[in-house]
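Participant: quick one, fold the following:
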Amino acid sequence: MTVRDPQIHIRLEPIVKDFLQRRAKQQKRTMGAHISFLLRQEMEKEKTEEAMLAGQTSSVSNQ
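Facilitator: Numbers count the residues shown, from 1 in each chain. Model (predicted):
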């Protein structure tokens, strides 16, 4: 038995699916791998923004 990542099924508008297919092909990824890549980028961006906000909050409270 092989270990598998969880799967989800999503509905996309045709224009979004076409865009995803083109970008995934350009990046030499599957569509699923490209979706994961994009979501991970957003996760990192959010983590960075939260860290920046936490830094601003602590610097304001230290004044």
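Participant: show me which residues of the longest helix belonging to the chain are buried.
Facilitator: Taking DSSP state H as the criterion, the chain has its longest helix at helix 31-61. Along helix 31-61, these residues count as buried under the neighbour rule (16 or more other Cβ atoms under 10 Å): H34, I35. (C-beta placed from N, C-alpha, C; glycine too.)
Participant: roughly how far apart are V16 and Q41?
Facilitator: Distance, V16 to Q41, using Cβ to Cβ, to the nearest Å: 17 Å.
Participant: Q27 now?
Facilitator: 12 Å.
Participant: can you report how many residues neighbour F19?
Facilitator: 12 (other Cβ atoms under 10 Å).
Participant: what strand or helix carries it?
Facilitator: helix 14-26 (DSSP states H and E).
Participant: for that helix, buried residues please.
Facilitator: Judged by neighbour count (16+ other Cβ under 10 Å), helix 14-26 contains these buried residues: L20, A24.
Participant: what sits up against that helix?
Facilitator: Residues from elsewhere that reach helix 14-26 (Cβ atoms under 8 Å, 6 or more residues apart in numbering): L12, T30, M31, A33, H34, I35.
Participant: got the contact list for the fifth one?
Facilitator: With contacts taken as Cβ under 8 Å, 6+ apart, H34 has the following neighbours: L20, R23, A24, Q27.
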